[in-house]
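>>> Just a sequence and a predicted model for now, questions to come.
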Amino acid sequence: PQDLPTPGLLFPASASLVPIPRGVSLVIAPFNFPLQLSLVPVANSLAAGCPTVLKPSELCPAVSTALAALFRKYFSPDAALVVEGGVPETTNLLSYDRWGTILF
């Protein structure tokens, strides 16, 4: 655990940060702000030690293709993976019952 500063107003409370992996994370990104709303949850999930699957929005094909190429280049498939596609692919991903966390 990492101790964090606590505001004096909350005395005698204390705060700490404990990153706990919760299993494989699924990040389903919306079409508005496709880059930011894809990468921020992925970064948080990876920082916590969770393998992550990203499903970018099918309404932003350029962003989806770019993210898929970058993830293939810079991440091991065991750490982070991008699944491209539309509603059928999303439905298929949601049918798995082994997700530790689903972020949308």
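Happy to help now that I have it. Here the structure is a predicted model, which is why all the values come from computation and not from measurement.

>>> just checking, next helix/strand downstream of the least confident helix or strand in the chain by mean pLDDT?
Taking mean pLDDT, DSSP states H and E as the measure, the chain has strand 15-17 as its least confident helix or strand, at a mean of 91. Beyond strand 15-17 on the C-terminal side, the first helix or strand identified by DSSP states H and E is strand 25-28.

>>> average pLDDT for that following strand?
When pLDDT is averaged along strand 25-28, the result is 97.

>>> Quick check: mean pLDDT of stretch 41-60?
Averaging pLDDT along stretch 41-60 gives 94.

>>> same question but for stretch 68-76, I mixed them up
Confidence for stretch 68-76, expressed as mean pLDDT, is 97.

>>> Can you report phi and psi for the residue sitting nearest the centre point of the chain?
By C-alpha atoms, centre = their mean, the mean C-alpha position of the chain lies nearest to V42, the distance being 2.9 Å. Taking degrees, to the nearest 10, you get phi -70, psi -40 for the backbone angles of V42.

>>> same check, this time on V82
In terms of degrees, to the nearest 10, the main-chain angles of V82 are phi -110, psi 130.

>>> Show the contacting residues for the residue lying closest to it once chain neighbours are set aside.
When the adjacent residues along the chain are set aside, V82 lies closest to A68, with 4.2 Å between them (C-beta to C-beta, 6 or more residues apart in numbering). Using the backbone N, CA and C atoms, a C-beta is placed for each residue, glycine as well. Counting by C-beta atoms under 8 Å, 6 or more residues apart in numbering, A68 touches 56, 82, 84.
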